[in-house]
Every structure is written in C-alpha cells, then in structure tokens.
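Trainee: sequence and predicted structure below; questions after.
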Amino acid sequence: MSLMVLREQLNVLVNSMFLEGLLDAQFRQLQMLQDASNPGFVAEVITLFCEDSERMLTELTKLLDQAVVDYQKVDAYVHQLKGSSSSVGAQSVKLSCIQFKQFCEENNKEGCLSELNMVKHQYYSLRSKFETMLQLEQRIQAYDSEQQN
Amino acid sequence: MTVEERKGHLMRDEGGQNDQFPVGMRVLAVDDDPTCLRVLEALLLRCRYHVTTTNQATVALKLLRENRDKFDLVISDVHMPDMDGFKLLELVGLEMDLPVIMLSVNGETKTVMKGIAHGACDYLLKPVRIEELKNIWQHVVRRRKFSQKDYSNFDNMEESERHQIVSSDGGQDLNISGSANQNGKLSRKRKDQNEEDDDDCEENVHENDDLTTQKKPRVVWSIDLHRKFVAAVNQLGIDKAVPKRILELMNVERLTRENVASHLQKYRLYLKRLSTVASQQANMVATFGGGLGNHGFTSSRIVQVGHNNTNTPCNDLNRFQHINLPGNQHGSLLQGIPTSLELEQLQPRIIQEANSHLSGGFSDNKLATATPCSSFVNGTNSGFISQTLQQQAHPRRFINHSSIRATPISTHPFHVGSECTSHFPDLGRCKDTGKCAVPLTAYATNTSSMGSFTTDDECPKLKDNLTIAQRDNNIPTISSTSFMAAPPRDSSIGRDRQYQANSSIGRTMLLPTTMDREMKFVNFSSAGNSKERLEPKDVFIDENDISFSSSTMSNNFMIDPFSGNQIMNNSHYNKRMDENIISITTANSSILPANFKIDDSTVDDPQKDKYDLEITKLQGGIVLGGCNLDDLVNSSMIKPERDEISLMDGDTGCDFYPLGACM
C-alpha cells in the first residue's frame, strides 16, 4: 500500500478512537511530540503503557482474588494505572480507574471486582486498536525510511 | 575579574547553564511509572531542557547528592514505591535547596496543600501539558533571585550585621575578594567592622548581582557539622572563638572561614536570643507557680517572637511581655496536663531562672525563641509544655499522650496571644527575607483558641517559614524557620554535658528536637535530648543544672537562621526543617502557645514528624518576646536566680542567637 493510504488508515483509526472516547487530547500531545528527532515516540509510549498496564492488571486480579483484600495496595495500583493511562491519553481506561478508586475507598469488594473487569475490558479493546496502530506506524516508518534511502 | 568574566567562568564551571536560559535548564525527573516518565521526558526535551530521568527516588537522591550543582530543578511524582514523593521533596529542599515540582494524577486540595507544606514550588497534575512545563523555569529563577534578595537585605540591616552578609552569601566563591578580609573582621567585634563592612558590602552587592545567574554553592550546616562547630566554639571559649581557629578545630574540608564566620555570627545572635527567651520563659513558668505540672502549656505564653527584625527587638519583646504575663499567671494553661514530676520540680527553678533572665534580657532581646520544649515536652509531657507544644510535638508522639491532648488550654492565657499577634507581623516579614528564622514565637498564642490546640491537626507549618500565624484568627504563628531541632538522638550534646548556661537561660530545656532520625541539621538537644523527643529523660529538666548550653541551643538555632548557607533558610525552611528544626529553649519550653496546631498531614506521617517536631519543639521553647517578665517578676512569683546561670560569655540575657532573626 502506498504511504498515503497507510497514513490515511492510521488517521481514520485514531479519529475513531477519539470519537469512541478511547483516547483524549493527551494523545494528541503525544503525536505532537513525535517528530523527526523522535520518530518512534508514540509507538514507544504505547508499548510501555501496554506492558505496564498488563502488569498492573495482573496484580490487581491477584489482590482482589484474596479473601481479605488489601485495599491500600489495590488503591496504589489503581492510582498508578490511572496515572499512566492519563499520561498516554487512554481516556476510557482512566475513567474506569476513577470509578475503581471510588470503590476501593469504600472497600467495596464487589464494586472493585466489577470495576476491575470494566477496566480490563476497556484496556483490551484499546490495546487491540493500539496494536493495529502500531502496525500501521511501523509500516509507515518503513516506508519513510525507504523513501529516504 | 570583571563581572562578565566571572559570570562566564562560573557558568562554565556549572557546566550547564547558558545564556539562553531557560533553554538547557537541567531537570531531574523522577517517576516510578515508566509511561509517565517517558512522556515527561519527551515533553521536557521538547521544551529544550536538559533531562535526566530515573524511576527511583533513591537513585535521584544519590544523583543529587553527588553533585547538587548538576541540576536546576527536580520534578517528582508523589506516589512512588520506594520513597514517598513528599519525603523526597523535603530532603531535596533541605539538602540541596533546589526547587522541586510535584506531579500527580491526584489533584485533591489536601494533597496539593501537603505538597506546598512540604515546600514544593509547584504542583502539577497529570497528564502534564507542555504549556505548563514551559513555565517551570520560573521557579529556578525565582529562587535565585529570592536568595539574592536575602543577601541584599543584609545590606539594609544594621551595620553591625553587615558582616554577616559578607560571609553569608553562601557563595563563597563569589566572595573571594572580600573574603580575605573576612576572617580578620569577623573575629573582631561587630561594631568595629563598620568601615570594612562598607567595602565588603559593596563587593557583596557586586557579587550579588552576579549571583543572579549563578548558582551559589551552599554550605549545609548539618547536624554533625554544627556539632563540630559548637564543640570548637566551646573549646575555644565563646569570647575567643574566632572563625579561623574554629575552622582549624573543626577540620572540615571545603569549609571556608567565611562560612564559619557567618555561622558564628548567627550563633552568637542565637545565643543572645536564647538567653533572653530562656529568662522569659522561666519567668513565665514561675508565674504558674510550683505545681505547674500542668500541663499547661505555659509556653504558649512565652512564645517568643522570633524577631526577624533585629532592629526593634526590644519593642516587640516588651510588648509581648505584657501580653503574655497575664495569661501565664493563671497557670490555666497548664491545667489538664499532667506534669511530670520532673517538670514540677524543675519548674520553679526554671521559672526563677527564667525570670532572672528575663528581666535582664528583656531589654534587648531579640527574641531568642527556643523551643526547648520538645524535649521538654516530651519528657514531661506534662504540664510544662504548653499545650501547644504538646500538640505539636509530634503529633504522633506527643499527641498521643493523653495528657497533652486533652488539656484544653484555658483560653485565658491565650488572649494574651492575640495581643501579641499583632506583633507577629514582624515575624511574618521574615519569611520574606527568606531567612527569617522566625522565632518560634509563632506560637503566637493564637490566643484565639488556646484550647484549640488540642487538635493536632493544625500544626503551624513551620516548614513553611511562613508565620504560622494565620492559622487561626490570623494569629501569626511564627513559622518554624527558626526552629532548631535539638538533636535528640545522638546526643551529641548529651544530656550530661554541661550546658553552659547561656547567659539567659538558666534552665532552659533543650528539647530534643528532631524526632526524626534523619535529621540532618544539628539538633541541639542541649539537654541531651538526644533521645527521642518524647522521652522524658531526654529532657533535662530533671537535671539540676540545666543550663542551656548555648551551644546546644545555638545548634538548633543555627540551622535555621543561617539562611543563606544553611539549609534552614526560611524559604526553604519548610523543607529543611523537617527535622532539624527545633530549637529548644528554656525549660520553660512548655510554654507553647496554645494555639499551636499541628498539621494533620504531618502528623500522620512519621517522616513528617520532623516538622511537627519542630513546631512542637518550638512551641515548647517559645517564649514570647513580649512576655511580661516584668509582670512576672513583679508579681514576685519568680525570683530570678542569677547566680545559677553562668553566662557563656559573660553576658546576661540578651545574648541570644536569634532564632527568627532574619539575617
């Protein structure tokens, strides 16, 4: 596919993510930060985010699985997830985290569990789109470097 | 060297600053979240700053400690696994005097407030926008200019204080030309230095201008360093202690005579103040009568107004005196608080001594407010320490003492405070100068609520250097800045040491100031408070000869006032104070302004105790400048026992080291 087509696809994808509320303005900042001197920035950040989030979601699942839940720890992880999702612009995940925190403060185990599921759901749908995005990015990059050569 | 040459030289030396500031500003970013860290890094790079990142606070501290001149600004996340962001903030502020910006996804008011209380320059919410980052350089510039201003303020001070400026610039390298003369001068009496001061001042001003763009290396008077200093001074004898010899005795690398000289000056002032305060406090205590055991926080009355205004110390004091006395007499303050036996025993004596000192010292005390209370309070927990003290005292420790908390301080004494508060504005000024070691007086008896102390939640944040006042009813509580924490644990001072009676404070108690073991600053726990503040035994109240060793006192004090070089700069006080501050003064430290409130946030966190300690400590030792010692004396409740006080340098009374003295 031509570079232009690839780029177009990427734009459509990103725009749809914005419209769906998966991403917010922060993501635009990330895009803005990517430039010639920093070509793979968005990809890098997204990858970091995904790795980190999955780690945290795993931990959260473990914590909530216990008979007696340590809400402090849960809260710490949710807090961190909230931070990283907001840094990346992952709006839907962030909003779920906010709700999650609320349940945590109330020590509401059921609420936490259900919210955890919601967060996971949001995250996975985001992730699949990110993956598509990354692929497109890579191809675009490849194209660019080819063209430069 | 011309100004430009020097500037260039310095800039090159600093290796990172250039004329295109803020471009190239060196930022250290700390965040455990890799995503956020990466994004932050990119944003900062986009702003054309020079960025170093780390995801561990411990690594960040190490980097900063290795070379504090390598960075201009620190941005740190609040929630980190290895170290709390606020703690890092405090440490950086204390040790390195760098501006720190907090970052968090949590934007709740109380968290932001906490950040400010710990000395953060700014608090940003995640996700951080580039526009906000583009502006962070202002904090660096502001800090520099602010410090500059402090120095220039010195010029405006009395000539006798001028020489302080010379060496207190903190920029030792800048004072090269003037420094040659410094040692000679400093060793002389201040009065004799006027002519040379003028020359020096000119140079200083000149150099000060350069400082705007330069980083001044600061000498941090850590607790150990201060102890060495005090030991050296004691060894030489306060009269004979000249910077050069002190330096030799101390045998510390990279310490210049100028540093020592300025430190010595502050120390002397501090001692003076302490003696004044001590006597005041003693008087106050005495008024309560023997059975003080109360709990009372007599200290409330005796709050000393830190006086940053060296020019008019007397007036303030006198005013305070009047105000305080009435309250104190009623010992109502003391009620409710079970006083330890020790206190009770001590009190009469202390009071007497304090009185003796007070009368003597009133005339010109510059308010040495010592908050000996901390140890005092701790130990006795009782009575003596004004409620405020207790409350403040470390929230955790002190407050837990049931006795303390409960004691509702009779409002009676507090009213006094209110009057006094009016005087506090002076103290408040200190904060502007940044160095104001605001005398502990902050305890401005926030008369309004004497009883209100009970809650520990509002601890005046000494850290802020701001007058604590305004806490309640605008009662300026003196901000800690001047608090010096008595080194509790290490007891470098050792309880058993002879505390040389500082001129004024016969029996001042040195409260172990730092509750926090990490105290960096010298804690002058004179009485050997080396222990935790709460331990009664640390309080040397039970010692008959509690004479506040001036050194110890000064230690506490020193840290703070040294502003420029010391970490205790008021401006940074917040950060620094965290542990070291608490100057403990007089045994009467129990006299804390009832209104001393303890900050909740700080209370909860052990680390924050430091600040609380400071505050509490201060409270204890705060003698209200205006305490009406006269009244006390007149009431013949207190008999000055001057004999018992051996003055350190032969002066009586007013030889305090100004706690709050704004330098």
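Mentor: Looks like it came in fine.

Trainee: show me the helices in the stretch 1-150 of chain B, by range?
Mentor: Under the criterion DSSP state H, counting those that start in this stretch, the stretch 1-150 of chain B carries helices at the ranges B:3-14, B:34-46, B:57-66, B:85-91, B:109-117, B:130-134, B:137-156.

Trainee: residue A:133: which of the ones you listed is closest?
Mentor: Closest approach to residue A:133 among the helices of the stretch 1-150 of chain B (Cβ to Cβ): helix B:34-46, 15.7 Å. C-beta: built from backbone N, CA, C; applies to glycine.

Trainee: now do the helix or strand harbouring residue A:115: distance to the chain's middle.
Mentor: With the criterion set as DSSP states H and E, the secondary-structure element containing residue A:115 is helix A:109-148. Remark: helix A:109-148 is offset 6 Å from the chain centroid, using Cα atoms, centre = their mean, to the nearest Å.

Trainee: residue B:268 contacts residue B:238, doesn't it?
Mentor: Yes - applying Cβ atoms under 8 Å, one finds residue B:268 in contact with residue B:238, separated by 7.5 Å.

Trainee: off-centre distance for stretch A:103-121?
Mentor: 18 Å.

Trainee: and residue A:66, how many neighbours?
Mentor: Number of residues near residue A:66 (other Cβ atoms under 10 Å in any protein chain shown) recorded here: 9.

Trainee: what does the pLDDT read for it?
Mentor: Looking at residue A:66, its pLDDT is 88.

Trainee: go on, residue B:125?
Mentor: 90.

Trainee: shouldn't residue B:273 be within a helix?
Mentor: Yes - the assignment for residue B:273 (DSSP: H, G, I helix; E, B strand; the rest coil) places it in a helix.

Trainee: still on that earlier bit, can you tell me which of the helices of the stretch 1-150 of chain B is packed in deepest?
Mentor: Among these, helix B:85-91 has the highest mean neighbour count (mean count of other Cβ atoms under 10 Å in any protein chain shown), at a mean of 25.

Trainee: which residues in chain A form helices?
Mentor: Using DSSP state H, the helices found in chain A span residues A:3-20, A:25-33, A:41-65, A:71-88, A:91-105, A:109-148.

Trainee: for chain A, which spans come out with low pLDDT?
Mentor: Chain A contains residues with pLDDT under 70 at A:1, A:149.

Trainee: what residues does chain B put near chain A?
Mentor: Taking Cβ under 8 Å from any Cβ of the partner chain as the measure of proximity, chain B contacts chain A at B:32-36, B:38-40, B:42-43, B:45-46, B:77, B:79, B:81, B:104-106, B:126-130.

Trainee: related to what we said a few turns ago, reformat the helices of the stretch 1-150 of chain B as TSV; add mean pLDDT.
Mentor: As requested, the helices of the stretch 1-150 of chain B are arranged in TSV below (pLDDT from 0 to 100):
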stretch	mean pLDDT
helix B:3-14	43
helix B:34-46	90
helix B:57-66	88
helix B:85-91	87
helix B:109-117	90
helix B:130-134	88
helix B:137-156	68
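
Trainee: out of these, which comes closest to residue A:30?
Mentor: Each of those was scored for nearness to residue A:30 using Cβ to Cβ, and the closest is helix B:34-46 (6.8 Å).

Trainee: give me the contact list for the closest one.
Mentor: Applying Cβ atoms under 8 Å, 6 or more residues apart in numbering or on different chains, the contact partners of helix B:34-46 are A:29-30, A:33, A:38, A:41, A:44-45, A:48-49, A:51-52, A:83-84, A:87-88, B:27, B:29, B:31, B:51, B:53, B:55, B:75, B:77, B:103, B:126-128, B:130, B:133.

Trainee: so how do I select the buried members of the residues you listed in PyMOL?
Mentor: Filtering the contacts of helix B:34-46 down to the buried ones (16 or more other Cβ atoms under 10 Å in any protein chain shown) takes a single PyMOL command:
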select buried, (chain A and resi 29+30+33+41+44+45+48+49+52+83+84+87+88) or (chain B and resi 27+29+31+51+53+55+75+77+103+126+127+128+133)
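
Trainee: count of residues packed around residue A:10?
Mentor: 17.

Trainee: before we move on, what about the one 10 residues further on?
Mentor: Counted with other Cβ under 10 Å, the burial measure for residue A:20 works out to 13 neighbours.
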